[in-house]
Structures are given as structure tokens and as C-alpha cells.
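K.L.:
sequence isn't available, so here's the structure alone:
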């Protein structure tokens, strides 16, 4: 993840919760993409370092374990700078321009100048981030499949040009689709920092309840006596993800019959969120700054060792002197 600040429930349900499960079955590498942050935030880098600290704390708080997985910072592994240069030499510009998020981000961030080499080439950087560890799988949601497919194409093109003793160096990774439930923000749109509609993993209980009170609901419920439909309500979407079956049944019955009001329904949703967030926040509080620094230093060293194994093969296949 890019270090854009503290992580929110959308980050947790969309990725982190799945990552925590994967680390019990796979050898996993999870990093903070501070170099990627430069593709859009190059004009003001003052927040990248403090945000990196916040993200790693949220990683650890969510349950990522440095004894099971490799946790590191992208810029601390110099191979993340070397491989993109080699892959960039063979990647057609047309491949980069057709990446779905290329024009989408330019439109959404029209106030920034994104006509840069770094922004155009970020899919190559992303492909390198993946291929450096010669992985079997890349865990992503459906909306990220295009990036993995481009990575596969770049690996295929590299292997076409370069082989080491007749064998391919960069395996084409498979997508490991991970469930990503619809996570509404407080305004009903997708939860996103750019919309200012997030519930942070580190938000204390009073803040969570305050944000839930302002959350939009089914527009059909204009008055307390009007029946509603949880399937058309962002608060209902939260209940589907976090509430118990018993609470969800009460929500459906009470909302559709106007037997409960939106305030009560939101309170039940807040109860469920607090149950999820409390253990996360308790874990977060246990880590000292020194412990976090040691975890990142150790993880970055482990990543450098593994990445260099790949680069030795890449350089040899390309017949680059070393």
C-alpha cells in the first residue's frame, strides 16, 4: 500500500484482513510503497515518512506478523530501483497507456501535473515489485487484475528476449483473487481518503459513533415512520459485513416495518464496528517506535537478500556486467 496516511476499514476489508489469513499458508512479502507515492505526490514529500510509520503500525495492528511474513519499505530495497530500469527498456509505451487507471487518475487528479515519466511508468515499477520475488501468486481484488495481467505480459516479453541456461527467469504470477466486500463510506460512496468519508482503524469509539451518526441512509426513509430497505442503505451494507446474523435479522425486520429508526440502526452498526476495531487498536498500542524500526530494518534486509537472488539471474540472463 502507498503511504497516504492511516488505514481505514476499506483498506482492512479490501486487503489487510485477507493478508493476515494468507500469511499462515504462504511465504508472503508485504511492503509500504513509498516510491509509488512519488508518482502523484512528488511536489510535497513531507508526509511520506510519517505516513510510512502509520501504515506499518496499522499492518501490525491488523495482525501481520513479522515472524511469518516479510514486512519492509520499498525504498529500502535498492533492487526495486534496478529491475524497473531493465524492464522499462522492453515495455512498449502503448501497454502503459492502456492501463485502466492511467487516464482515470489523470482525470481524478486533474489539479496535479501527472504528465511525468514516473506516472506513465508506474505499472513497470509495480510489475518489478512483484517479479523481484518470483512469486506464484499475487493477492488482489478483481479491480486489480489488469495490473497483474500487465505484469504477466512484461515477464513474458522478458523471457522471450532473455533466458538463463535455456530457462525462464521471471515466472508469470497467477492472480489469487481475494474477497473484497462493498465498503461504503459515511457519504454512501466507496470508502476513500480522497472523499473524506473514512472510518480509520485507529479511530477511538466516540469518533466511530460520531461518524456513524452522520452516515447517509436509505433515501426512502424521510420520516421515522417510513419503512426502508437495508439493501438500499449504506448502513445496511455495514451490517452485512460486521454484524451478527441475529442483529442483521433485527435490522431487516425493523427497517422494513419502520419498527426501528435510523439512529438505533446506526448504533447497532457502531457496536459491531467497535468489536472489530478494539483488538486492532489494542495491538497497535503495544508497539514502540523502536520495535517498529527494528521490524522494518529486519524485513528490508530479508527482502534485499531475496530480491538480489532474482537480480543475479536477471543480470546473467541479460548478460549485464556486474
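P.N.:
Happy to help now that I have it. The shown structure was predicted, so the numbers you read here are calculated from the model rather than taken from an experiment.
K.L.:
not counting its neighbours along the chain, what's nearest residue 52?
P.N.:
Here the nearest residue to residue 52 in space, its sequence neighbours aside, is residue 3; by CB to CB, 6 or more residues apart in numbering that works out to 4.4 Å. To be clear about C-beta, it is placed using only N, CA and C from the backbone, and glycine gets the same treatment.
K.L.:
which pLDDT value does the model give that neighbour?
P.N.:
On pLDDT, residue 3 comes in at 96.
K.L.:
and whichever strand or helix holds residue 249, what's buried?
P.N.:
Per DSSP states H and E, residue 249 falls inside helix 245-256. By neighbour count, with 16 or more other CB atoms under 10 Å as the criterion, the buried positions of helix 245-256 are 247, 248, 250, 251, 254, 255.
K.L.:
which residues does the residue nearest to the last one when sequence neighbours are not counted contact?
P.N.:
What sits nearest to residue 255 in space, not counting adjacent residues and going by CB to CB, 6+ apart, is residue 228, at 4.6 Å. For residue 228, the contacting residues are 217, 218, 220, 221, 255, 256, 258, 262, taking CB atoms under 8 Å, 6 or more residues apart in numbering as the criterion.
K.L.:
go again using 7 Å as the cut-off
P.N.:
For residue 228, the contact set (CB atoms under 7 Å, 6 or more residues apart in numbering) comprises 218, 220, 221, 255, 256.
K.L.:
on the pLDDT front, check it for me.
P.N.:
For residue 228, pLDDT reads 93.
K.L.:
over to it: give its phi and psi.
P.N.:
According to degrees, to the nearest 10, the main-chain angles of residue 228 amount to phi -130, psi -180.
K.L.:
now do it against residue 96, distance only.
P.N.:
With the distance defined as CB to CB, to the nearest Å, residue 228 ends up 46 Å from residue 96.
K.L.:
ok, back up a step: of the contacts of residue 228, closest to residue 15?
P.N.:
Distance to residue 15 across the contacts of residue 228 (CB to CB) is lowest for residue 218, with 28.6 Å.
K.L.:
wait, that closest one sits on residue 229?
P.N.:
Yes - under the criterion of CB atoms under 7 Å, residue 218 makes contact with residue 229 at 5.7 Å.
K.L.:
more neighbours: which of these two?
P.N.:
Higher neighbour count among residue 218 and residue 229: residue 218, with 20 against 13, using other CB atoms under 10 Å.
K.L.:
host element of that one?
P.N.:
If you go by DSSP H and E, residue 218 is not part of any helix or strand.
K.L.:
pull up the gap between it and residue 117, please.
P.N.:
Distance, residue 218 to residue 117, using CB to CB: 47 Å.
K.L.:
same check on residue 183?
P.N.:
Residue 183 sits 34 Å away from residue 117, going by CB to CB.
K.L.:
more neighbours, the two?
P.N.:
The neighbour count for residue 183 versus residue 117, taken as other CB under 10 Å, is higher for residue 183 (21 against 9).
K.L.:
cool, thanks, signing off.
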